[in-house]
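Trainee: Dropping the sequence and predicted coords here.
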Amino acid sequence: MREQVILTGMVIKSAPAGEYDRRLVILTCERGKITAFARGARRPGSTLMAASAPFVFGTFALYEGRDAYSLVSVDVQNYFREITEDMEAACYGSYFLEFADYYGRENLEAVETLKLLYQSLRALLKSAIPNRLVRAVFELKLMEINGEYMEKPLGRLEDSTIYTWEYVLASPVEKLYTFTVTEKVLEEFTKCVAENKRRFVDKTFHSLDILDVLVYK
């Protein structure tokens with residue numbers, strides 16, 4: 001009989017599969033990005049229904065198959081329901097999931113990425129920190145974790161902008177969302193992060209299309 005594996009992670013994608021199942025992509029600490037099927041999750045009353053949604057974070061019990069896992073149960077630690085109930089936060093959060101999916105790899109530990117994702121989603125719920133700043137910090141730190149970043153931002157910038165860049169690169173994930181900046185520094189910082197992203201990331205993120213219309217219009 002196959003043994004269960006227990007993995008800590010977050011659902012970053014969820015889609016219908018067949019008549020009653022859901023196909024999940026889960027970013028896990030121990031095995032990176034995995035695909036799992038939640039059998040019967042779309043049946044009324046299924047214990048897997050609520051746990052098969054994006055943003056769900058917890059401990060997943062699974063059976064490992066040849067090409068995918070089968071989900072048995074989930075000990076949910078956070079549903080992040082507040083994000084799904086806020087249009088703007090949901091747009092940012094969906095983008096964070098998509099960006100994390102871009103860098104996710106199978107059988108490659110994703111401890112730092114998962115910590116960053118979790119803390120960034122929590123930061124979206126803090127009214128004291130602008131979502132634009134949360135986004136820029138998330139982007140730069142995720143690129144730094146994956147080795148795709150400039151050590152110094154380009155151009156003539158405010159000293160505070162350069163300091164913000166250096167702080168994000170040097171700080172542990174737990175310390176990232178403990179500051180705010182002036183509007184001018186935020187503008188410079190977001191532009192520098194966008195330039196870094198243009199240099200290193202060759203992908204169009206569909207969730208950004210929605211975000212740009214709803215938030216940046």
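Mentor: Now that the structure is in, tell me what you want to look at.

Trainee: May I see the buried residues of stretch 107-121?
Mentor: Neighbour-count burial for stretch 107-121, counted by 16 or more other C-beta atoms under 10 Å, picks out 110, 112-121. C-beta here means a position set from N, CA and C on the backbone, and glycine is covered the same way.

Trainee: tell me which of these is nearest to A15?
Mentor: Here the nearest of the buried residues of stretch 107-121 to A15, counting by C-beta to C-beta, is L117; it sits at 19.2 Å.

Trainee: tell me which element the closest one falls in.
Mentor: Using DSSP states H and E, L117 maps to helix 111-124.

Trainee: Show the subsequent helix or strand relative to that helix.
Mentor: Following helix 111-124 toward the C-terminus (DSSP H and E): helix 131-145.

Trainee: how about the CA coordinates for that next one, as PDB?
Mentor: Below are the C-alpha coordinates for helix 131-145, written out as PDB (Å, rounded to 0.1, in the frame of the first residue of the first chain):
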ATOM      1  CA  ASN A 131      -0.600  47.600  -2.300                       C
ATOM      2  CA  ARG A 132       1.700  49.200  -4.900                       C
ATOM      3  CA  LEU A 133       4.600  48.900  -2.400                       C
ATOM      4  CA  VAL A 134       3.700  45.400  -1.500                       C
ATOM      5  CA  ARG A 135       3.700  44.400  -5.200                       C
ATOM      6  CA  ALA A 136       7.100  46.000  -5.800                       C
ATOM      7  CA  VAL A 137       8.700  44.400  -2.800                       C
ATOM      8  CA  PHE A 138       7.300  41.000  -3.700                       C
ATOM      9  CA  GLU A 139       8.500  41.200  -7.200                       C
ATOM     10  CA  LEU A 140      12.100  42.300  -6.300                       C
ATOM     11  CA  LYS A 141      12.400  39.800  -3.500                       C
ATOM     12  CA  LEU A 142      11.100  36.900  -5.600                       C
ATOM     13  CA  MET A 143      13.500  37.800  -8.400                       C
ATOM     14  CA  GLU A 144      16.400  38.000  -5.800                       C
ATOM     15  CA  ILE A 145      15.500  34.600  -4.400                       C
END
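
Trainee: Measure how it sits relative to helix 111-124, angle-wise.
Mentor: 180 degrees (axes from the mean of the first three to the mean of the last three C-alpha atoms, to 10 degrees).

Trainee: What residues sit buried inside the helix or strand following helix 131-145?
Mentor: Downstream of helix 131-145, the first helix or strand assigned by DSSP H and E is helix 159-170. For helix 159-170, burial by neighbour count (16+ other C-beta under 10 Å) applies to 160-162, 164-165, 168.

Trainee: Right, I'll leave it there.
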